[in-house]
Every structure is written in structure tokens, then in C-alpha cells.
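> Turn this into a structure:
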Amino acid sequence: MSELDGLSLPSVAVHAGRTDLTDLGVHAVPIDLSTTAPLPDVSEARDILDGLIEGRPLPHGASTIYRRAWNPTVARFEQAVAALEGHVPGGTPLDVEGVAFASGMAATHAVILSRVAAGLPHVIAVRPLYGGTDAILETGLLGTTVTYAEPHEIGDHVTDRTGLVVLETPSNPTLELRDIADIVRQAGDVPVMIDNTFASPVLQQPLRHGATYSVHSATKYLGGHGDAMGVSSSPPRRWPSRCARSAPSWAASWIPSPRTSCCAASAPCSSACASSSAPPGRSPDGWPTSPPSRACSTPASPERIRTA
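Next comes the predicted model:
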């Protein structure tokens, strides 16, 4: 039972990641800028780091080792986006987990590579897509083969090598809308990735319609100020480790920045819960005590408008 259960979506956006602040005696907590944490034991540190790279949760009270693998500030953001994506008005929240990356293309790469690594390199895509996503699919840079299809044709192109269906709705910048539930139905057992950047989880929650991944770029409505590029992919819990393990491996994780720290009430920044005893620097339930943040990163690929 979470303290966020039963709250309206606007209230979740305000309180996610901050439910422990009253117990901490603060309104805003300083962001964590440490690059490393003390190592209690070399062998223990190895086991913790291996677990983080593989996408396993950080053990309660364990050293966080290395911020590229896990950062308490970023963890708040991940939990917040997951809370918003999984919010069900008047119902039980979906079981969702967020994974933050340094850019939208980093998140997209992680999802695609996880399917290629599973031996399923065929991707079905619906245009128009964000230009960077379209480019890496069309060029086959990540070892994929792509079939571009109309929304009603998805089922006709699924093969035993199909690992992913990719679409953006509303599309950027044409704002074309797609029927997510119908595309999920056509895809069958094939995971569906929705670029939810333009709608944000406030207006659209793809996972409620059966999508496997909901990917956001913080340059648009998730951040809304044009000064952040961090992204979160919010799959149900059976999928996240396949993406999370790639973030520390190729420097795709967020690094908090004091210049771009964010606590705006309208922005979904983080989430946490409180209960009983916790180690220093954490809430009673073991969640990190740093505030939500944004990050700086290199620019994403330029947008290109494409039609099917």
C-alpha cells in the first residue's frame, strides 16, 4: 500500500517522490552530486555493482557504489514517472518501473538493443516517428531490420523474428493519433514501445492500453522548460532489467546537475514511501532522500519528418 494510492493524478504529480519530506523536516532536499560512495568491502561492492548493472534493486542499506549505476536523485525521478504512468483513477495502480537515461535516444537504443540481444531483431514501425528513432531503424545501425507499416497492418507483418513494434502517438510534429489498444492486439506477444513524449502521462498512459514500454523525452512536456534531456522508459516490472542493465554500461544514465534541478509542482519528478527504520541518507522505507532533478547531456539527433 503506497501513500500515493487513491490520490488524483495532479496530486500524484505533486507528491510523488516527496512523501517522506515531512519526516525529513524539509520542503526540498539537496540533490546528490557524489560520483561514488564508500565501499564497505571489495567483494560486497562487486556483488552490488553486478546487481545494479543487471537491473536488480539496490539492497536495503547497501552502498550505492557508483553513480553511473545508481543515483538517489535520479531514482526519485524514475519512481515518479512510474507512479504517473501506472496511475489508474479510482483503481489499483499498475505495477510499473521507470528507468532513466541521459537522452530520449539513449532510452530508445536500450529498448531496441534488448530485443536484438534476445535474438529478435525485426522491428515493425509506424511512421511518422521522431527523426532519430526513424534513422536508427532505417539504417539498421543496431542490427535491426525494419518494416514500416500502416497502423491497421501491424498483424500482417509479425514474424517469428519480430521483437518490437514502435510508434509515436501523438506524433511529432504532425500530432497524428494511433489506437494503442488495437496495435497491441495486432502485435500479440510482441512488445510495443510507445513514444509518449507529446502527450505525457498526464494525458495518456500507454501501459493501461497494453503497451510494454512508454518512452519520454524530457525536452518536451515531461520537463517543459527546454533545458533537460533526461528520459524514462516505464515498462511493467517484468521488462525493466533488460533496459536498465544497458544504462551504466554505455554511459547512458542521468547525472544530476545543480543548474537544472527541478521541483516544479506540475512536473512529474519522483516518488517515495515512508515506513520504519532506514540507513543514513534514506527515508524509512529505504528510498533515496535526494530530490528530483534534471540533467544535461549531448543533443539528440535532429528531427526529420517522414511519411509512410
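
> Can you pull out the low-pLDDT segments for the stretch 151-300 of the chain?
By pLDDT under 70, the weakly predicted segments of the stretch 151-300 of the chain are 224, 230-300.

> Strands of that one, start to end?
162-168, 192-195, 213-215, 231-233 (DSSP state E, counting those that start in this stretch).

> Looking at those strands, which is nearest to Leu39?
Closest approach to Leu39 among the strands of the stretch 151-300 of the chain (C-beta to C-beta): strand 231-233, 28.4 Å. For glycine as for every other residue, the C-beta is placed from the backbone atoms N, C-alpha and C.

> related to what we said a few turns ago, ok, and which of the strands of the stretch 151-300 of the chain has the densest surroundings?
strand 231-233 (a mean of 31; mean count of other C-beta atoms under 10 Å).

> closest one to Gln205 among the strands of the stretch 151-300 of the chain?
Here strand 213-215 is closest among the strands of the stretch 151-300 of the chain (C-beta to C-beta), at 7.3 Å.

> Which strands or helices does the closest one pack on?
Identification of packing neighbours for strand 213-215 by 3 or more C-beta pairs under 8 Å, 6 or more residues apart in numbering; DSSP states H and E yields helix 104-117, strand 192-195, strand 231-233.

> Adding distance to Val126, write the strands of the stretch 151-300 of the chain out as CSV.
CSV is the format used below for the strands of the stretch 151-300 of the chain (distance: least, C-beta to C-beta, whole Å):
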stretch, distance to Val126
strand 162-168, 4
strand 192-195, 10
strand 213-215, 14
strand 231-233, 18
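
> nearest to Leu120, of those strands?
strand 162-168 (2.7 Å).

> The residue of the chain positioned farthest from its centre: what's it in contact with?
For the chain, the largest distance from the centre (C-alpha atoms, centre = their mean) belongs to Asp41, which lies 31.2 Å off. Listed by C-beta atoms under 8 Å, 6 or more residues apart in numbering, the contact set of Asp41 is empty.

> Of the helices and strands packed on strand 213-215, which is nearest Thr36?
Among the helices and strands packed on strand 213-215, helix 104-117 comes nearest to Thr36, with 21.8 Å by C-beta to C-beta.

> what is the rounded mean pLDDT of that closest one?
Mean pLDDT, helix 104-117: 91.

> Pull the distance from the helix or strand just after that helix to the chain's centre.
Toward the C-terminus, helix 104-117 is succeeded by strand 122-125 as the next helix or strand (DSSP states H and E). Distance of strand 122-125 from its chain centroid, counting by C-alpha atoms, centre = their mean, to the nearest Å, is 21 Å.

> any residues touching strand 122-125, and which ones?
Residues contacting strand 122-125 (C-beta under 8 Å, 6+ apart): 112, 115, 133-134, 137, 144-149, 154, 157-159, 161-167, 187, 190.

> rerun at 10 Å
112, 115-116, 133-134, 136-138, 140, 142, 144-149, 153-168, 183, 186-187, 190, 192-193, 306, 308 (C-beta atoms under 10 Å, 6 or more residues apart in numbering).

> Tyr130 is in contact with Thr174, correct?
No: between Thr174 and Tyr130 there is no contact, the gap being 11.3 Å when judged by C-beta atoms under 10 Å.

> wait, what's in contact with the residue nearest to Asp156 when sequence neighbours are not counted?
Closest residue to Asp156 apart from its sequence neighbours, by C-beta to C-beta, 6 or more residues apart in numbering: Ala149 at 7.3 Å. Shown in contact with Ala149 (C-beta under 10 Å, 6+ apart): 124-127, 155-158, 165, 167, 183, 186, 308.

> Recalculate using a threshold of 8 Å.
124-126, 156-157, 308.

> now, among those residues, which is nearest to Met105?
Ala125 (14.9 Å).
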